[in-house]
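S.K.: sequence first, then the predicted structure:
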Amino acid sequence: MLEFEIKGSGIDFGLCVSSGQVFRWRFDGQRWVGAIGGRWFEVADESGVLSVRSNIGPEEFCQIFGLARSHEEWFSGILKADPGLSDAVESCRGLRILVQDEPVEVLFSFLCSANNHVKRIEGMVGKLASFGEDARFPDLEVLAGIDGAELRAAGFGYRAERVPACAMKVLDFGGMAWFEKLRLGESDWAVEQLQQLPGVGPKVAECVALFGLGHGDVVPIDTHVWNAVRRRYFPELVGGSLTVGRRKLVRDFMRNRFGDEAGLAHLVLFVDEMRNWRSRR
């Protein structure tokens, strides 16, 4: 175990780990306790200084949580592309995209997220994590061997059989080597390939590509992001569901406007929408 203090560079740590990027975190009243992959953390934010206990050192910690850049440096690019986004950026002050480098955990976390709410997702991801050892998320071979009936009894519903089936399919494709190909390939190709997996639709594939594979131009699109984009940029498009055509409209617009930081702009819009949707109804 390592203990260290580090300047937070303006990060809102609690916001980062509760913004829908990771799901194995809880606040115990004094500190945030959580894990990513095989790395575990206890983090207290004390007047902008992070007091950390972890099984990794400060250099890797700073890389994961984006502490090399200040708030202004993080968001200068998207604010230059759209100064009108300043209200949303201020609403999300201290937000960062985490560098997880854990495609297995990200994939199976978001596999649990479809048509679900945060508390239930956290419970399901916690159940999957219990099959690992020493706080480490289980590897593909372990996930492939889980009995779907056990997951169904734990409340996974229709997702129960999809977990081992998805793990077996990834192994068939080459396991971690396949993920590495997706990481090095074009982002749209990676999203397309991920949708070959059982239970993985466009939104889940986009989340895995952005948060698990580091494709920063990918825009995960759900109704919250659609509502935010429509309100800000396409007010004439009132009502209606999120169609295939509208998904393409959002993706193309965000990429044309924000380039390689479209994923970061998406996260700002998503978090701002979730924080303020009641006042905008």
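M.R.: Sure thing, it's come through.
S.K.: what residues of the longest strand seen in the chain count as buried?
M.R.: With residue count as the measure and DSSP state E as the assignment, the chain has strand 39-46 as its longest strand. For strand 39-46, the neighbour count (16 or more other CB atoms under 10 Å) marks Arg39, Trp40, Phe41, Glu42, Val43, Asp45 as buried. Placement of C-beta: from N, CA and C, glycine included.
S.K.: out of those, which one has the lowest pLDDT?
M.R.: Least confident of the buried residues of strand 39-46 in the model: Asp45, at 91.
S.K.: ok, now which ones touch it?
M.R.: Applying CB atoms under 8 Å, 6 or more residues apart in numbering, we find Asp45 in contact with Gly8, Asp12, Phe13, Gly14, Trp32.
S.K.: ok, Phe179 next?
M.R.: Pro103, Val104, Val170, Gly212, Leu213.
S.K.: also Glu5?
M.R.: Val49, Leu50, Ser51, Val52.
S.K.: separate out the buried members of these.
M.R.: Using 16+ other CB under 10 Å as the threshold, Leu50, Val52 are the buried ones among the contacts of Glu5.
S.K.: list just the nearest of the contacts of Glu5 to Glu273.
M.R.: Looking at the contacts of Glu5 and their distance to Glu273, the nearest is Leu50, at 27.3 Å (CB to CB).
S.K.: show me what that closest one is bridged to.
M.R.: Beta-bridge partners of Leu50, counted by DSSP bridges, are Ile6, Asp45.
S.K.: ok, back up a step: can you flag which of the contacts of Asp45 belong to strands?
M.R.: Within the contacts of Asp45, membership in strands is found for Trp32, as judged by DSSP E.
S.K.: among the contacts of Asp45, which lie within helices?
M.R.: Cross-referencing the contacts of Asp45 with the helices (criterion: DSSP state H) gives Phe13, Gly14 as the overlap.
S.K.: separation between Pro103 and Val170?
M.R.: 9 Å (CB to CB, to the nearest Å).
S.K.: give me the contacts around the helix or strand of the chain with the lowest mean pLDDT.
M.R.: Ranked by mean pLDDT, DSSP states H and E, the helix or strand of the chain with the weakest confidence is helix 223-233, at a mean of 91. Here helix 223-233 makes contact (CB under 8 Å, 6+ apart) with 84-85, 88, 219, 237-238, 242, 246-247, 250, 253-254, 266, 269-270, 272-274, 277, 280.
S.K.: let's go with 6 Å and repeat that
M.R.: Outside helix 223-233, the residues within contact range by CB atoms under 6 Å, 6 or more residues apart in numbering are Leu237, Leu242, Val250, His266, Leu269, Phe270, Glu273.
S.K.: most distant residue from the middle of the chain?
M.R.: Glu236 (30.1 Å; CA atoms, centre = their mean).
S.K.: hang on, that residue is in a strand, isn't it?
M.R.: No. Residue state for Glu236 (DSSP: H, G, I helix; E, B strand; the rest coil) corresponds to coil; a strand is not indicated.
S.K.: out of the buried residues of strand 39-46, which two sit at the greatest distance?
M.R.: With distance counted by CB to CB, no two of the buried residues of strand 39-46 lie farther apart than Arg39 and Asp45, which are 18.3 Å apart.
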